[in-house]
Structure formats: structure tokens, C-alpha cells
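Student: here is a sequence with its predicted model. Questions after.
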Amino acid sequence: MSTTVEDLNATVEAAHAAFDKARAASLETRAAWLEAIADALDADAPGLVDIAARETHLAIPRLQGELRRSTFQLRLFADEIRRGEHLDATIDHADEHWGMGPRPDIRRVNVPLGVVGVFGASNFPFAFSVIGGDSASALAAGCAVVHKAHDGHLDLAARTTEVVAAALDAAGAPTGLFALVTGRPAAEALVDHPLVKAIGFTGSTTGGRALFDRAAARPEPIPFYGELGGINAVFVTENAWASRRDDILAGYAQSLTLGMGQFCTKPGLLFVPAGDTDAIASALARALDGFEPTRLLNDRLHDGYRAAVSTIRGDAGVDAIVEGDFATTPSPTVLRTTAAQVQANPELVRQEMFGPASLVVEYGSESELLGLATLLEGQLTTTLQAEDADDVTELTAVLTDISGRVLWNGWPTGVTVSYAQHHGGPYPATTSGTTSVGTAAIHRFVRPVAYQSFPPSRLPEPLQDANPWGIAQRIDGSWIQSVRTGK
């Protein structure tokens with residue numbers, strides 16, 4: 001049963017009340033809450049995975065790994081916030097001799113935004129859904145979370161929320177700090193609610209753009225951190241193709257079919273030298289031999305996959321080198337076209353086929369790659385398959401301009417959770433310049449506040465000279481490392 005707008009309003013108000021109680025919690029306390037959630041998820045892992053497998057058609061080993069990723073992420077964020085680096089605590093003492101005139105005592109710190117609405121993804125029911133990256137980073141920042149469940153795994157969303165809420169309650173967190181709502185009316189009201197201060201979203205370009213516009217149209221516009229997908233183009237140089245063509249094609253086949261092509265980082269485009277069409281078909285057939293397709297996540301996604309592949313396949317300049325199908329368990333499709341056809345119709349390289357399909361583009365000369373890259377819209381990732389002697393400086397610069405992560409001789413599927421990770425990219429890959437994966441994701445849900453000439457006793461702990469939390473502070477321009485870690 002969908003959440004009514006009245007119930008949504010009550011849920012958001014309860015979340016705001018919980019935020020008001022929790023906002024002053026120490027970093028140690030907040031970290032302990034995250035660890036309590038991770039422990040509870042681990043304890044209930046068999047039940048959660050069974051529900052996820054039933055609702056999503058994903059394999060149990062994949063789901064087990066995804067849940068481990070989620071609990072690892074919670075613990076990593078706990079360690080991160082204990083250090084306090086996300087606070088960016090900066091202290092400028094009063095200085096009568098400051099270069100532009102006397103300077104008052106001024107101190108800046110990041111504070112949590114408030115209530116964050118999170119929209120989960122269908123393709124990662126743990127890693128990018130209920131207590132996935134957006135929810136975990138918002139809680140780490142000190143915010144309350146109201147999660148809008150994805151219709152593709154409602155039972156899992158309810159069970160996960162029960163586990164998270166019980167863990168927070170047992171750890172002493174205020175009731176209402178994490179809550180769940182369902183249905184479209186509640187989704188729209190969540191974006192509209194004046195107590196909601198930011199939205200995290202992972203999903204389709206169409207749905208994300210509608211919510212992004214709605215967030216911007218509020219009387220008080222709020223940040224909308226939307227990950228909308230991408231094509232994830234791969235560029236193969238002539239030297240790389242000549243030296244390891246079949247290895248490249250084997251890696252491509254494995255990456256585009258991983259998780260039935262339902263990764264937002266699936267390589268949807270492969271640019272290769274022309275002249276080897278038959279060899280490509282043979283190599284891909286070998287690489288895909290024995291591949292056992294499974295059902296896609298849901299019927300709506302299956303219909304969208306069919307429509308996207310059919311649209312590109314219907315272009316007069318496109319043919320199939322691996323002829324797939326749209327069966328209940330669809331076999332992979334690999335389409336082929338030419339650089340000239342793409343230049344005549346750039347929409348061919350701007351259409352995401354979310355599922356086990358991809359497009360190979362054959363170019364006549366490596367000099368064409370730069371122009372082809374400029375036809376692409378914003379990407380989560382782009383990849384170079386190249387040799388050390390190749391001069392790809394200009395191409396790399398263009399790929400840097402249009403993508404959030406650029407890979408060298410790798411494949412884009414697989415987004416580790418770490419300190420340097422960036423999972424984002426220019427629109428339409430995302431709606432912001434931030435990351436939704438890695439410790440830097442926490443920064444989305446804080447904002448800076450400066451305190452000027454405050455009495456020492458009234459300053460927040462991170463800005464006190466005594467540094468009771470033992471965090472890193474920048475004092476009069478120089479970083480004083482964390483007392484807690486010595487880093």
C-alpha cells in the first residue's frame with residue numbers, strides 16, 4: 001500500500017525532529033550508529049538476500065557480495081567521520097596585522113543539511129538502494145533520511161528498513177532518523193516538502209530529470225544529486241587493436257553482460273578500427289559461448305530495453321554482429337555501425353540500452369576519435385584501450401571534459417568504495433559535480449557555516465582551540481593533523 005501524502009508529511013516531520021536531536025551527536029556516536037547498522041545487516045544477511053533474489057531475479061552470490069559492499073561502506077564511512085575531515089574545520093584567529101586590515105576571529109565548519117530524501121535504484125537493491133551510498137553518506141554527514149522505496153523490491157525495502165531502524169534504536173539514535181515511504185504521490189511530496197533539504201537519486205534520465213526540475217521549482221530550491229546513467233564509451237587505438245584485439249573483445253563481452261548489462265557503468269559503446277567485422281563477430285561469439293542469460297530486473301525494464309535496442313537497430317546504418325533476442329531471459333545483442341553513420345546521426349551514441357546490448361563503432365582512421373568523442377554527452381566513465389607509445393593526450397583531455405572517471409586498459413564495470421573514487425559525471429550522467437560513491441560522497445549533505453567573534457565556550461566542538469574531538473583543523477592557514485589518528 002502506498003504512503004499517503006499525509007503520512008509522508010508526518011514521516012518527514014518526525015525525521016526533522018530526530019535530526020534536531022541527533023545533530024549535536026559526537027562523531028564517535030554517529031560512527032557507532034553506522035557500525036550498528038552494518039552489524040545488524042550482516043546478522044540478517046540470509047533473510048535479506050533471499051528476499052532480494054525473489055524480487056530482483058539477481059543471483060544469490062551477486063547479492064551476497066553487494067550486501068557485503070554495503071556493510072563495508074558503512075564501516076568505512078564510520079572511520080572517515082571519526083577523523084572529522086569532512087567537517088573542514090578552519091580557524092582564523094583575530095589578527096591586528098592581517099594584510100588587508102585587522103581580521104576578526106572567524107571559524108568555519110561544515111554542518112549537516114537536515115532531512116534528506118533518497119530514491120533507491122532497482123539494479124542494486126543493496127548498494128544503491130535503501131541503505132546504499134546515498135543513505136549511508138547522508139547519515140554519516142549527520143542528516144536524517146527518508147527513503148522512497150523502489151517499486152521493484154518493496155518487500156526488501158520494508159525488511160531492510162526494519163533492520164536499520166531497529167539497529168539505530170538499539171544504538172540510542174532518535175526515533176525517526178531513518179524511515180521509508182512508497183508510491184508516486186509520496187515521492188513527489190517528498191521532493192516538495194519544505195523540511196527536506198536535499199535529494200539523492202539513482203535511476204533513469206527521464207525520472208531523474210522530472211524530479212530535478214521539481215526540486216529546482218520549489219519556493220526554496222534544494223540540491224538534487226541525481227545519477228541518471230550513461231553510455232560509458234570505450235576507445236581502442238590502432239596499436240592496441242593490432243596487439244590484443246581478441247583480449248579486448250573478450251573483456252568487452254564480459255563487461256557488457258555483467259549483471260545482464262544492468263550496471264550504470266556498462267560499456268555501451270566500443271570504438272574500434274574498421275576492417276575486422278567478421279573477426280569481431282567470431283571473437284565475440286567465442287567470448288559469449290556458454291553465457292547463460294537470466295531475467296532482467298522487472299517487466300518495465302525489459303520493455304524499455306526492447307524499445308532502446310529496437311530504436312538503434314532500426315537505423316539504416318546499423319546491423320547486428322551478435323544477434324540477440326528479447327526473450328524472458330534475453331541473449332546479448334551487439335550492434336555495429338560506422339563512424340560516418342555516427343557523425344550523420346549522433347543520437348546513435350546518446351541512447352542508453354540498459355541491458356545486455358552494446359554498439360560497436362568502426363572508424364577508418366584514429367584521427368577520427370577526437371571528433372567522435374566530442375559527439376558524446378556526459379558520461380559516468382570513458383575508457384582508453386591503448387599502448388604506452390600511443391599519443392592520446394588530446395583524446396584524454398576530451399574524455400576528461402565529458403566524464404567522471406577515465407580508465408586506462410580496463411573495463412568500467414566495478415566501482416570500488418574508496419577515498420579517491422568518483423562516481424559521477426557531466427549531465428546527463430549526473431545532475432551535479434559530486435560523487436555518489438566513496439568517502440567524498442559525504443560532502444554532498446553538509447554546508448559551511450562561519451562563526452565570527454564567538455565566545456570560546458559557545459563554539460561548536462570542532463572549532464574549539466582545545467579540539468575536544470581530536471580532529472584535523474586548519475589553524476591560521478596551516479593544517480594541524482588529527483590528534484586522534486596522527487594523520
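Tutor: Arrived safely.

Student: any idea how far Gly268 is from the spatially most central residue of the chain?
Tutor: Geometric centre of the chain, nearest residue: Ser436, 3.7 Å, by C-alpha atoms, centre = their mean. Ser436 is 19 Å from Gly268, where distance means C-beta to C-beta, to the nearest Å. Quick note: C-beta positions are derived from backbone N, CA and C, even for glycine.

Student: ditto for Arg313
Tutor: Distance, Arg313 to Gly268, using C-beta to C-beta: 14 Å.

Student: excluding its backbone neighbours, what's nearest Asp319?
Tutor: Leaving out its chain neighbours, the residue that sits closest to Asp319 by C-beta to C-beta, 6 or more residues apart in numbering is Arg336, at 5.7 Å.

Student: and the one you found, what pLDDT?
Tutor: On pLDDT, Arg336 comes in at 98.

Student: tally of neighbours for Ala389?
Tutor: For Ala389, the neighbour count with other C-beta atoms under 10 Å is 7.

Student: apart from its chain neighbours, what residue comes closest to it?
Tutor: Asn239 (6.7 Å).

Student: now do the buried residues in stretch 271-291.
Tutor: 271-273, 280-281, 283-284, 287-288 (16 or more other C-beta atoms under 10 Å).

Student: farthest-separated two in those residues?
Tutor: Pro273 and Leu288 (21.5 Å; C-beta to C-beta).

Student: how about the helices of the stretch 1-150 of the chain, start to end?
Tutor: Shown for the stretch 1-150 of the chain, the helices assigned by DSSP state H, counting those that start in this stretch span residues 5-22, 27-43, 45-56, 60-83, 133-141.

Student: pick the most buried one from these.
Tutor: helix 133-141 (a mean of 29; mean count of other C-beta atoms under 10 Å).

Student: what's in contact with that one?
Tutor: Residues outside helix 133-141 that contact it (C-beta atoms under 8 Å, 6 or more residues apart in numbering): 30, 33-34, 37, 70, 73-74, 77-78, 80-81, 86, 112-113, 116, 118, 127-128, 144-145, 147, 177-178, 198, 200-202, 225, 417, 436-437, 441-446.

Student: quick one on the thing from earlier: okay if I get the helices of the stretch 1-150 of the chain as a markdown table plus distance to Ala466 and mean pLDDT?
Tutor: Shown next, in a markdown table, are the helices of the stretch 1-150 of the chain (distance: least, C-beta to C-beta, whole Å; pLDDT from 0 to 100):
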| stretch | distance to Ala466 | mean pLDDT |
| --- | --- | --- |
| helix 5-22 | 23 | 98 |
| helix 27-43 | 15 | 98 |
| helix 45-56 | 42 | 97 |
| helix 60-83 | 18 | 97 |
| helix 133-141 | 24 | 98 |
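
Student: out of the ones you listed, flag the one nearest Val309.
Tutor: Here helix 45-56 is closest among the helices of the stretch 1-150 of the chain (C-beta to C-beta), at 21.1 Å.

Student: helices or strands up against the closest one?
Tutor: Applying 3 or more C-beta pairs under 8 Å, 6 or more residues apart in numbering; DSSP states H and E, we find helix 45-56 packed against helix 60-83, helix 154-170.

Student: ok, and what's touching it?
Tutor: Applying C-beta under 8 Å, 6+ apart, the external contacts of helix 45-56 come out as 41, 58-60, 63-64, 67, 122, 125-126, 152-156, 159-160, 163, 297-298.

Student: hmm, which of the residues you listed are the buried ones?
Tutor: 41, 58, 63-64, 67, 122, 125-126, 152-154, 156, 159-160, 163, 297-298.

Student: counting by contacts, list what the helix or strand of the chain with the lowest mean pLDDT packs against.
Tutor: Within the chain, confidence by mean pLDDT, DSSP states H and E is lowest for strand 478-480 among all helices and strands, at a mean of 93. The contact analysis (3+ C-beta pairs under 8 Å, 6+ apart) places strand 478-480 against strand 473-475.
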